[in-house]
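Novice: fold the following.
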Amino acid sequence: MEIRKLRYFLTIVEEKSITQAAKVLHITQPTLSRQMRELEEELETDLFIRKNRKVFLTEAGKILKSRAEEILILNDKTEQEFQNKSQELLSGQLSIGAVEAENSDTLATFLEEMLAEHPQVTFNIYSGTGDNILDRLDKGLLDVVLLSEPISTEKYDKVILPKKERWGLLVSRNSFLASKSEIHSEELVGLPIISPFRFDVQKMIYSWSGLAVKLNIIGTYNLIFNVFSLVENGIGLALAMEGAISPRQPDSLKFLPLVPEIKTNCVLAWRKNTTLSPTTDIFIKKVKNAF
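Specialist: Residues are numbered from 1 along each chain as shown. The predicted structure is shown next:
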């Protein structure tokens, strides 16, 4: 499977038209159509559905889109790393995965120093859940990741960052709970809880509470931003880290720390027993030396 054909394929997906994609790629439409027929023959499946002069992906096409994006990221990273070896100045792209957390400020500080010392370095930040981020790290699509515990990091080297993340309950200021300054474990019983999707977090909350009854978890989420309106409208109350909320918390919401207090660590992690690019290696050393 040629890299060139995958780039052609993704351009068609983006433009939703073979004719328009051919213009973007500066090749003829018959040439592009032939390349896609060859790709379909090679994979022994149809990739497109043609309708009203537009093209849409088949289920096989959707799978190839995901794989092609990952392959091209790895291809471009590999080419860039070898190009950097022949240059005296440090350059290249640092690919970072990060959860929503207070330690995002710590990450930003190191990134700022890195760019000031090595102006030819660029960066790409991927935000998501811990599970999604680790999946991309395992595939080599990310160089380093910022994760919030509880999370299993046995397969990775890591540095524990100094700021701890405090957990609490996000409530509407119209809620009867808004008059409180904190929330105790027994007060969670019966409340409509919106919980982080990760099982490790739910397990942590149950262990902390010591409750014999199950919490009333009415829904789960991966990124907190989309939950704000649900809490504002009284649909539920969200368990969350304060650092993921505080930079953009609306005035209509209030954060109540859990009592007894729960604080978890954030870590910067990378794959064990792997050869790091010079850019990644210097960034990690910078963080290690600081802590």
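Novice: now do the lowest-mean-pLDDT helix or strand in the chain: which elements does it pack against?
Specialist: Least confident helix or strand of the chain, by mean pLDDT, DSSP states H and E, is helix 59-85 with a mean of 79. Contact partners of helix 59-85 among helices and strands, from 3 or more Cβ pairs under 8 Å, 6 or more residues apart in numbering; DSSP states H and E: helix 3-15, strand 92-98, helix 278-290. All C-beta spots, glycine's among them, are computed from the backbone N, C-alpha and C.
Novice: helix or strand right after the second one?
Specialist: The reference is to strand 92-98. helix 104-117 (DSSP states H and E).
Novice: and the following helix or strand past that next one, which strands flank it?
Specialist: For helix 104-117, the following helix or strand on the C-terminal side (DSSP H and E) is strand 121-127. Looking at strand 121-127 with DSSP bridges, its partner strands are strand 92-98 (parallel).
Novice: now the angle between helix 104-117 and the partner strand, please.
Specialist: Between strand 92-98 and helix 104-117, the angle comes out at 180 degrees (axes from the mean of the first three to the mean of the last three Cα atoms, to 10 degrees).
Novice: any idea of the mean pLDDT in strand 92-98?
Specialist: Taken as a whole, strand 92-98 has a mean pLDDT of 90.
Novice: give the buried residues for that strand.
Specialist: Across strand 92-98, burial judged by 16 or more other Cβ atoms under 10 Å covers G92, Q93, L94, S95, I96, G97, A98.
Novice: who's the fifth one bridged to?
Specialist: So that's I96. Applying DSSP bridges to I96 gives these bridge partners: I125, V144.
Novice: touching, it and T122? I think so.
Specialist: No - between I96 and T122 there is no contact, the gap being 11.4 Å when judged by Cβ atoms under 8 Å.
Novice: what sits against L141?
Specialist: Going by Cβ atoms under 8 Å, 6 or more residues apart in numbering, L141 touches E70, I73, L74, S95, Y126.
Novice: sounds good, over and out.
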